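Chemist: With the input below, show me the fold.
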Amino acid sequence: MKKLALIAASLAVLATPVLAQDAKTTGTAPAEAKFSTVSKDEMFSSKLKGLNITNQKDETIGEITDLAIKNHQVDALILSVGGFLGMGERYVAVPPSAVNVRYDTKNNKWLASMNTTKEALKEAPEFKYPK
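Modeler: The predicted structure is shown next:
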């Protein structure tokens, strides 16, 4: 019975609202900490992921689905290719230099293109996520 009373009292304390306190950040960052500033025209992975890739004939040839990072740098872009409505798609890893990503200021959106064909991407070695 004492355990039950103790549990009930603990839950009551946890359920009560916390008294308002000043939300202040105290302390200083260590000298070795480095911080970055980000400008509004920089690319973010959230904008890159899901971006359709077109070729020189303006055909959609794939979609960027993921980024592979190695040694603090983007090592590869993982593309979804060859599928239709999620069926039959497969993944291909390409170097970031193979994809031209640019911002279209006129239409206010990001664009990605590659100098390749659908067939070449279908024939490329399949990327499989490591287990």
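
Chemist: in stretch 67-77, what's buried?
Modeler: Neighbour-count burial for stretch 67-77 flags Ala76, Leu77 (criterion: 16 or more other C-beta atoms under 10 Å). The C-beta positions use only the backbone N, C-alpha and C, and glycine is treated the same way.

Chemist: Likewise for stretch 93-106?
Modeler: Buried positions in stretch 93-106, judged by neighbour count with 16+ other C-beta under 10 Å: Ala93, Val94, Val99, Val101.

Chemist: Quick one: classify the last one as helix, strand or coil.
Modeler: Secondary structure of Val101, reduced to three states by DSSP: H, G, I helix; E, B strand; the rest coil: strand.

Chemist: outside of the helix or strand harbouring Leu77, which residues touch it?
Modeler: Assigned by DSSP states H and E, Leu77 falls within strand 73-81. With C-beta atoms under 8 Å, 6 or more residues apart in numbering as the test, strand 73-81 has contacts from 48, 53, 61-69, 89-96, 98-99, 118, 121-122, 124, 127.

Chemist: try stretch 98-107
Modeler: 41, 43, 48, 51, 53, 64, 77, 109-114, 116.

Chemist: Find out how far that stretch is from the centre of the chain, if you would.
Modeler: In terms of C-alpha atoms, centre = their mean, to the nearest Å, the centre of stretch 98-107 is set 18 Å apart from its chain centre.

Chemist: returning to that earlier point: which one of the buried residues of stretch 93-106 sits closest to Phe35?
Modeler: Val101 (25.4 Å; C-beta to C-beta).

Chemist: Packing partners of the strand ranked longest in the chain?
Modeler: In the chain, assigned by DSSP state E, the strand with the most residues is strand 60-70. Applying 3 or more C-beta pairs under 8 Å, 6 or more residues apart in numbering; DSSP states H and E, we find strand 60-70 packed against helix 45-48, strand 52-54, strand 73-81, strand 90-94, helix 118-123.

Chemist: The fourth one to strand 73-81, inter-axis angle?
Modeler: Spelled out, that is strand 90-94. 150 degrees (axes from the mean of the first three to the mean of the last three C-alpha atoms, to 10 degrees).
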